[in-house]
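[1] Structure for this input, please:
(2 chains)
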Amino acid sequence: MNSAFLRRIGQELRILGALNLLAPLIVAAIYLGFSLIVGYATLHNSGSPADARFQAARGLLALLENGLPLIGGLLAAFVVGSDPAIELHLAAATPYRFTAGLRLALIILWTTLCTGGAALVITAAGYWLAILQSLSIGESILLWLAPLLWFIGAGATLALLLRSRAASGALLGMVWIAQFIFKPQFLQNGVLERVYLFLTEEAGVPSYWLANRLILLAIALALLGLTMLLLGRSESLLGGEH
Amino acid sequence: MGMSSQSLGVAGVSSLRLAPAASSLRTFGITARYEFWMQLRRYALWIIFALLGLFTLRTFNSLLSDPNLTSAKMTISVWSSFIAEFSPLGAGLLLADRFPRDRATHMDELLSVTPAPLATRLLGKYVGATLATLLPILLVYLAGALVIMLHWHDVSVLPLALVEFVATTGVAVCFVGAFSIACTTVIWPLLYQFLFIGYWFWGNFLNPKLGIPTLNGTLLTSDTRLIEDGLFTLPPGYGLPTSPLVGWESLGALLGCAALALIATWGLLRWQTTHR
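    Just a heads-up that it's a prediction; the model follows:
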């Protein structure tokens, strides 16, 4: 990796901004706070220490399965959504697809590091749920990687299709909330259960768990591929909402 | 789309400059009108609520075949409650970029030198953008209400349907709209989006028995469930019996908090302008 490329990565990270890069850590802190509160409340509502630990562990699992993936999706919409200097980018020798693709890759890398790091810390602290002990290392990674990449792929694709970061965020938010409101409908339908995003937190590890994660991963990869295709359509990138 | 919106904004400034002695009411009317059209001309607004409409209308069969719902009035109440549960989330997120956009395009600097007072511009932006965001939601709602009226052969519930929409989804969007505009003056949009989505779950759906303090079930339940339960009786199984007084209290509390959020935003923006 030459120094010019490393300098370029440094520039891109500065463009993304420290505040945006801090967002996953803020989200982790919020979920940690809620998990501690729910553990404390369980203990003080005549629950056993094991119950309190279970509730806190469930909160931390939610961080991996729905907290960090959502912020990843919003970040992806932010980086590919609209660049104020898009006209300059389209006239430059480096294709915009490469620039936006690099930014998206940095977001994938950063959120994967944050989520993977959080999973390691949760496991090391003994808050990895007992029902998940049967999962192999690969499956444990798939548990959070599949929804994370799904949200990133969906956020980026929607931002380009709707030409609006705000609209992409609104749809991601509705999908996120729908997972909770329509949980029974998702889990009672043979097709929808295979694409339910928060399966581990809401239903543990049912027989179709691995199929669910692999399907989500495949959809995520398809969405990321679609994002790269859309980034190549120069004219459609102009005139989006800032 | 962006260009046309910006052109409209500049035209609004010209109008304000041409009429420096215009009353605050006139300034408010001009600002609200331009904000209304700017928001209404966003493709994203229509696409999002069209998708929401397709999704909700597709599941309409279960609403019409529910044996607990024995009249058009009952079914309208449940439909109204469903729309208020979901659509304010999208509305709040689509209203959250109104102020950051002014900053990104440096329109706030240009507007600050016009004779239009800050409070009037803020109120005009809020009212115009909020009403425009409510319009596609109203169309989706009316489409559903029409299907219900045809199913029950009862069009007499139309006035009630409109009142229910204003008292539930209307109040909810006014509430989230005020906070979306207020909060994005201090929180950067990306984090606000996340916090708002999380808030919608925490404040409306999180089980209070879990031990985490939540607004769910209080007068500030922003999906307006208490208003629906208190002022328009929901059928058994769809809500908890609540007195009309609680419904009115919840309506007052939500609108009061929205007004407080706008006043706080006005104070903050004034402070920011003088310390720029």
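
[2] Count residues in the vicinity of the residue in chain B that chain A sits nearest to, would you?
    Residue of chain B nearest chain A, by CB to the nearest CB: B:Gly211 (2.3 Å). C-beta here means a position set from N, CA and C on the backbone, and glycine is covered the same way. If you count neighbours by other CB atoms under 10 Å in any protein chain shown, B:Gly211 ends up with 20.

[3] what sits against it?
    By CB atoms under 8 Å, 6 or more residues apart in numbering or on different chains, the contact set of B:Gly211 is A:Ile37, A:Val38, A:Tyr40, A:Ala41, A:Thr42, A:His44, A:Asn45, A:Gln55.

[4] Read off the pLDDT value for it.
    Predicted confidence (pLDDT) for B:Gly211: 76.

[5] nearest spatial neighbour of it, skipping sequence neighbours?
    A:Ala41 (2.3 Å; CB to CB, 6 or more residues apart in numbering or on different chains).

[6] residues in contact with the one you found?
    By CB under 8 Å, 6+ apart, A:Ala41 lies in contact with B:Leu210, B:Gly211, B:Ile212.

[7] cool, and A:Leu60?
    A:Tyr31, A:Leu32, A:Ser35, A:Ala118, A:Ile122, A:Tyr127.

[8] Check whether stretch A:143-151 comes into contact with chain B.
    No. Judged by CB under 8 Å from any CB of the partner chain, stretch A:143-151 makes no contact with chain B; its nearest approach is 11.3 Å.

[9] CA-only coordinates of that stretch in PDB, if you can.
    Taking Å, rounded to 0.1, in the frame of the first residue of the first chain, the C-alpha atoms of stretch A:143-151 are listed here in PDB:
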ATOM      1  CA  LEU A 143     -24.900 -13.100  13.900                       C
ATOM      2  CA  TRP A 144     -24.000  -9.400  13.600                       C
ATOM      3  CA  LEU A 145     -22.300  -9.200  10.300                       C
ATOM      4  CA  ALA A 146     -25.400 -10.100   8.300                       C
ATOM      5  CA  PRO A 147     -27.700  -7.400   9.700                       C
ATOM      6  CA  LEU A 148     -24.800  -4.900   9.700                       C
ATOM      7  CA  LEU A 149     -24.100  -5.400   6.000                       C
ATOM      8  CA  TRP A 150     -27.800  -5.500   5.200                       C
ATOM      9  CA  PHE A 151     -28.400  -2.100   6.800                       C
END
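
[10] What parts of chain B come near chain A?
    So far as CB under 8 Å from any CB goes, chain B lies against chain A at B:1-3, B:42-45, B:47-48, B:51-52, B:85-86, B:89-90, B:93-94, B:96-97, B:101, B:104-105, B:188-191, B:193-194, B:196-198, B:200-201, B:205, B:210-213.

[11] Next step: the residues you listed restricted to helices.
    B:2-3, B:43-45, B:47-48, B:51-52, B:85-86, B:89-90, B:93-94, B:101, B:104, B:189-191, B:193-194, B:196-198, B:200-201 (DSSP state H).

[12] Indicate the residue of chain A located nearest to chain B.
    A:Ala41 (2.3 Å).

[13] Closest to the centroid, which residue in the chain?
    By default, I'm working from chain A. A:Pro69 (2.0 Å; CA atoms, centre = their mean).

[14] meant chain B actually
    Note: chain B centre (CA atoms, centre = their mean) maps to B:Val173, 1.7 Å.

[15] I'd guessed it sits against B:Leu135; true?
    No. Assessed by CB atoms under 8 Å, B:Val173 is found out of contact with B:Leu135, at 10.6 Å.

[16] Quickly note the distance from the residue of chain A closest to chain B to A:Ala130.
    In this structure, A:Ala41 and A:Ala130 are 21 Å apart, going by CB to CB, to the nearest Å.

[17] give me the element the residue nearest to the centre of chain B is part of.
    Assessed by DSSP states H and E, B:Val173 sits inside helix B:171-183.

[18] what sits against the residue nearest to A:Ala170 when sequence neighbours are not counted?
    Excluding the flanking residues, the one nearest A:Ala170 by CB to CB, 6+ apart is B:Leu93, at 3.9 Å. Neighbouring residues of B:Leu93 by CB under 8 Å, 6+ apart: A:Ala166, A:Gly169, A:Ala170, A:Gly173, B:Ser180, B:Gln193, B:Phe196, B:Ile197.

[19] Dihedrals phi and psi, the third one?
    Okay, so that is A:Ala170. With angles defined as degrees, to the nearest 10, A:Ala170 sits at phi -60, psi -40.

[20] residues contacting it?
    So A:Ala170 contacts B:Ala44, B:Ile48, B:Leu89, B:Gly90, B:Leu93, B:Leu94 (CB under 8 Å, 6+ apart).

[21] Settle this for me: B:Gly53 is touching B:Val140, isn't it.
    Yes. Here B:Gly53 reaches B:Val140: they are 3.9 Å apart, a contact under CB under 8 Å.

[22] got a pLDDT number for A:Ile15?
    85.

[23] can you pull out the strands in chain A?
    Using DSSP state E, chain A contains no strands.

[24] in it, what secondary structure element scores lowest on mean pLDDT?
    Lowest on mean pLDDT, DSSP states H and E among the helices and strands of chain A sits helix A:234-237, with a mean of 69.

[25] ok, back up a step: looking at it, the residue nearest to the centre of chain A is touching A:Trp150, isn't it?
    Yes. Contact criterion CB under 8 Å: A:Pro69 and A:Trp150 qualify, at 7.0 Å.

[26] Mutual contacts of those two, please.
    By CB under 8 Å, 6+ apart, the residues touching both A:Pro69 and A:Trp150 are A:Leu197.

[27] Touching stretch A:71-79 from outside, list them.
    A:16, A:20, A:23-24, A:27, A:100, A:103-104, A:106-108, A:111, A:115, A:148, A:151-156, A:158-159, A:165, A:168-169, A:172, B:190, B:193-194.

[28] Can you show me the helices along chain A?
    With helices called from DSSP H, chain A shows them at A:3-16, A:18-44, A:49-62, A:68-81, A:86-91, A:96-124, A:137-162, A:165-181, A:183-187, A:199-203, A:209-231, A:234-237.

[29] Tell me the helices and strands packed up against the first one.
    With contacts defined as 3 or more CB pairs under 8 Å, 6 or more residues apart in numbering or on different chains; DSSP states H and E, the secondary structure elements packing on helix A:3-16 are helix A:96-124.

[30] buried set for the helix it packs on?
    By neighbour count on 16 or more other CB atoms under 10 Å in any protein chain shown, the buried set for helix A:96-124 is A:96-97, A:99-104, A:106-108, A:110-112, A:114-116, A:118-119, A:122.

[31] same question, stretch B:187-199
    Those would be B:Ile187, B:Pro189, B:Leu190, B:Leu191, B:Tyr192, B:Gln193, B:Phe194, B:Leu195, B:Phe196, B:Ile197, B:Gly198, B:Tyr199, for stretch B:187-199 by 16+ other CB under 10 Å.

[32] Equivalent analysis for stretch A:6-26, please.
    Those would be A:Ile9, A:Leu16, A:Asn20, A:Leu21, A:Ala23, A:Pro24, for stretch A:6-26 by 16+ other CB under 10 Å.

[33] so which one among the contacts of A:Ala170 has the lowest pLDDT?
    B:Ala44 (87).

[34] quick one, what contacts it?
    Counted by CB under 8 Å, 6+ apart, B:Ala44 has contacts A:Leu162, A:Arg163, A:Ser164, A:Ala166, A:Ala167, A:Ala170, A:Glu241, B:Leu94.
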